[in-house]
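>>> next one to model:
(one chain, ligands or ions: 2)
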Amino acid sequence: MPIVRVALDIPLATLFDYTVAEGVQVAIGQRVIVPFGKRQLVGVVVMECVATSDVSAERIKPVTQVLRDSAPLSAELLTLLNFCSDYYRYPIGQTVLSALPTRLRSDKPIIAKPILSYRLSSSGAALDLENFPKRKVVQRRILAKLVEQSCNLAQLKALSATVGAQLKALVAEGWVESFDGVSDIKSSVRPERNAVKSKGEPVEANSCPSTSSGRTDCVASKHVFDNAHTLTSEQQLAVDAVTQASGYGCFLLHGITGSGKTEVYVHLMHHVLQRGGQVLLLVPEINLTPQLENYFRSRFPDVNLMSLHSGLSEGERLHNWQQAQSGAAQIVLGTRLSVFAELPKLALIVVDEEHDSSFKQQDGLRYSARDVAIFRAHQCGVPIVLGSATPSLESYYNAQSGRYKILALTGRATATAQLPTVRCINTNQTVMQQGISENLLREIEKRIANQEQSLLFINRRGYAPVLMCGGCGWLSDCKHCAGKMVLHLNDKRLRCHHCGYQIRQPSACPSCGSADMHPVGSGTQRVESVLQERFPNARILRVDRDSTRNKRAWQTMREQIHANEVDILVGTQMLAKGHDFPALTLVGVLNPDSALYSSDFRAAEKLFAQLMQVAGRAGRADKPGEVMIQTAFPEHPLFRALQTHDFAGFAASQLAERKMAGFPPFTYQVMLRAEGKVESDVYAYLNRAHAAAKALQMDVEILGVVPAALARRANHLRAQLLVQANTRRAMQNFLRAWQPHLEGFNQAKLRCSLDIDPLEF
Ligand SMILES: [Zn+2]
Ligand SMILES: [Zn+2]
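Ligands and ions are numbered 1, 2, ... in the order given. Modelled structure (predicted):
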């Protein structure tokens, strides 16, 4: 009887053998249900028809069922997952299963629910939108959208947070009708693998004949393309460089904020779509996907675009994944997990904001989606574009040393848009009003008078990072962590942001009973209340994880900002990323100094990127922007570089420091972390791992066992061991030799993990 090897979601670095009854067809990549102990598990066949097994014949159990309700995984994807399992030292079975949508990990049969699309009914088409009630804003938007094309709910959701209810109302009125959208998705003609690589003429808008439903019936090589923007010469050079490359090539698109990187992506996508290829566009933030989705749909109105991120329902995610797998989805826009989407016609990968740390998964399979994407592009022989205004120093170094090609956008796309002026306010020499300097407050006042927006950026939520007793010096330590509890004045509570533990705000000191308790430092809530006091008539909006807990809150806030219904924005890094607020002309940065003396060698790089991003929000339309940074170190080279928008200078000085210190990108790192309730268990494990590493006598540098930056979290003691090597190969060789030792050590009471190319220290 033939034997198959199956990947299972089991924390063991092995495949499992099962027999298949004569006559039953099983393909590689197919999902199966198999017995495992007393359970039945879903697995994926990774190898077929093994002649002999390590397990004796009578002990091999038969496959319970072959699941045929989804197409088998491709050999290409399995190769990619195999690479990830090997590179990140994570069990193959868990790697394969974690790449699948949840529905495909379950043994319940997949019942494809129809994805409804919406279009105008005949009475809806007869409506006069000009005379439609003005206050029904969302309904008007929906109707206007449906005049252009029929849409499914996901597409409409990009219009507003309340689309669901408003759509229902329109259906109830009889103006909008639903239909089964899947059958309407246009035919996915599979191109020849060697499609002609000629330079095609741009496709004219609406060159495809429209059908009665308002959609077009194009074959994959033709689509409607909104080519309203003329490329600058730099943008054109970038587009040409990528489209003229053949096969694999890694391009670093280094463009200042506002330089129009997205326009380059759009033209590259157009080029690929014309040839029937699929595009994978990776973005860091789930928060950004509805906006971007909307934008790309508007540029390619009849192209089948699917998003993949953790915010989708299980059904939506499966549907979109399968659309990618069948080749029907022409553009797949997603967060890091979408790097594992099946894409049979993949022809281009774009990683937007490639420096963003959210491309790195911080548990389970600790992969970097950017790095996996580069491997995948290489594997498929297609170009990959990494875009950023502040590239990671790893990517920047690779571009400088010639491994990647650099494409620079040095001018802003809108000719009139100037880069913002950046000034430092020396906090030692200025009058401060509870953390905000008087100069900055006066500038905000001017903006309010001019009906322009200001943004105050502070990367700390809550009211104050710590509560202190003036009598005895008591501090609001978390009793479960090594960190402090943050004061949230809104609901009068102290909260630990590490473990979630919270208590009521004490009115008297728990230690000495004194009533002299005061908050130390500022968070977003405190800044908000200081501004409220100073500008009682201003409309102030706070954007942080607390104020956007509700799923749709952030989208509603963005609409308010765009409608100019906000005077002052107060927010964390959520505000720094990728948003375009045309009325924003002033950015104030409060309290960036802690990163200047952090133990994390990437802290300066992260701060620089963050401040460049947040500064880039100011003055994007025709109004010049101004950035004011409150710091006690105005002469610091980092701020100097920011003032002159000198990324190259900053990167050069950082790289020189890294080279001296022997840090990445000049070395490759692996972090072994352990945490547990008993300190001696944690250190015993790490010390044995340390000794085992030494005993191997390989070409790596083994650093000492040290406490983690947060040495205790939720009553678990945390420590780590760092190993560095000069080459990737040396690191991988070392890991292959070291990891089996680690598995032999007692770690029953510990949580241990190996993190390859770690970002967190
Ligand atoms: Zn006290
Ligand atoms: Zn805590």
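
>>> poorly predicted segments of the stretch 51-200 of the chain, please.
51-53, 111-115, 158, 161, 181-200 (pLDDT under 70).

>>> where are the low-confidence patches of the stretch 401-550 of the chain?
Using pLDDT under 70, the stretch 401-550 of the chain drops low at 414-417.

>>> what about 80?
Applying pLDDT under 80 to the stretch 401-550 of the chain picks out residues 412-419, 550.

>>> wait, Ser98 touches Asp363, no?
No - using CB atoms under 8 Å, Ser98 is not in contact with Asp363; the gap is 10.4 Å. (Glycine included, C-beta is placed from N, CA and C.)

>>> kindly report the residues of this protein close to ligand 2.
Residues of the chain lying near ligand 2 by CB under 5 Å from the ion: Cys478, His480, Cys481, Cys496, His498, Cys499, Tyr501.

>>> by neighbour count, which of those wins?
Highest neighbour count within the residues of the chain next to ligand 2, by other CB atoms under 10 Å: Cys478, with 24 neighbours.

>>> what residues does that one make contact with?
By CB atoms under 8 Å, 6 or more residues apart in numbering, Cys478 lies in contact with Lys484, Met485, Cys496, His498, Cys499, Tyr501.

>>> one more pass at 10 Å, please.
Counting by CB atoms under 10 Å, 6 or more residues apart in numbering, Cys478 makes contact with 484-486, 494-503, 712-715.

>>> and the closest residue to it other than its chain neighbours, how far from Leu78?
Residue nearest to Cys478 in three dimensions, not counting chain neighbours: Cys496, with 3.9 Å by CB to CB, 6 or more residues apart in numbering. In this view, Cys496 and Leu78 are 42 Å apart by CB to CB, to the nearest Å.

>>> before we move on, back to that, have a look at Ser98 and Asp363 and say which one is more surrounded.
Neighbours were counted for Ser98 and for Asp363 using other CB under 10 Å; Ser98 has more, 19 against 8.

>>> contact partners for the closest residue in space to the more buried one that isn't next to it in sequence?
Here the nearest residue to Ser98 in space, its sequence neighbours aside, is Leu365; by CB to CB, 6+ apart that works out to 5.5 Å. Shown in contact with Leu365 (CB under 10 Å, 6+ apart): 81, 84-85, 88-91, 94-96, 98-99, 340, 372.

>>> Leu365 sits in which helix or strand?
Following DSSP states H and E, there is no helix or strand that holds Leu365.

>>> how near is it to ligand 2?
According to CB to the ion, to the nearest Å, Leu365 and ligand 2 sit 27 Å apart.

>>> likewise Gly676?
17 Å.

>>> number of nearby residues for that residue?
For Gly676, using other CB under 10 Å, the count is 22.

>>> can you check the one 4 residues further on too?
Counted with other CB under 10 Å, residues neighbouring Ser680 total 9.

>>> need the three-state assignment for the residue in the stretch 251-400 of the chain positioned nearest to ligand 2.
Here the stretch 251-400 of the chain gets closest to ligand 2 at one residue, Gln362, 17.8 Å apart by CB to the ion. With DSSP: H, G, I helix; E, B strand; the rest coil as the basis, Gln362 sits in coil.

>>> how many other residues sit next to it?
12.

>>> do Asn428 as well
Residues near Asn428, counting by other CB under 10 Å: 10.

>>> nearest residue to it in space, please, no chain neighbours.
Among residues not flanking Asn428 along the chain, Ala632 sits closest, at 5.5 Å (CB to CB, 6+ apart).

>>> for ligand 1, see how far away that neighbour is.
Where ligand 1 is concerned, Ala632 sits at a distance of 28 Å (CB to the ion).

>>> give me the number of residues near that residue?
Ala632 has 13 nearby residues by other CB under 10 Å.

>>> for it, give its distance to Gly124.
Remark: distance between Ala632 and Gly124 (CB to CB) = 61 Å.

>>> touching, Ala169 and Leu143? I think so.
No - counting by CB atoms under 10 Å, Ala169 does not reach Leu143; the two are 11.4 Å apart.

>>> these two: which has the busier surroundings?
Between Ala169 and Leu143, counting by other CB under 10 Å, Leu143 is the more crowded of the two (20 against 15).

>>> the more buried one reaches Ala126, doesn't it?
No - assessed by CB under 10 Å, Leu143 is found out of contact with Ala126, at 11.4 Å.

>>> what touches both of those two?
Shared contacts of Leu143 and Ala126 (CB under 10 Å, 6+ apart): Leu120, Trp175.

>>> which residue ranges form the helices in the stretch 301-450 of the chain?
Along the stretch 301-450 of the chain, the segments classed as helices by DSSP state H, counting those that start in this stretch run 314-326, 369-380, 393-400, 438-449.

>>> please apply the same query to the stretch 101-250 of the chain.
Taking DSSP H, counting those that start in this stretch to define them, one finds helices in the stretch 101-250 of the chain at 102-105, 122-125, 137-148, 153-157, 163-173, 233-244.

>>> quick check on Asn82: phi, psi?
Dihedral pair for Asn82: phi -60, psi -40, per degrees, to the nearest 10.

>>> before we move on, what about Asn304?
The phi and psi values for Asn304, taken as degrees, to the nearest 10, are phi -80, psi 100.

>>> likewise Arg542?
phi -100, psi 130.

>>> just list whatever residues bridge to it.
Val570 (DSSP bridges).

>>> pretty sure it contacts Met557?
Yes - here Arg542 reaches Met557: they are 9.2 Å apart, a contact under CB under 10 Å.
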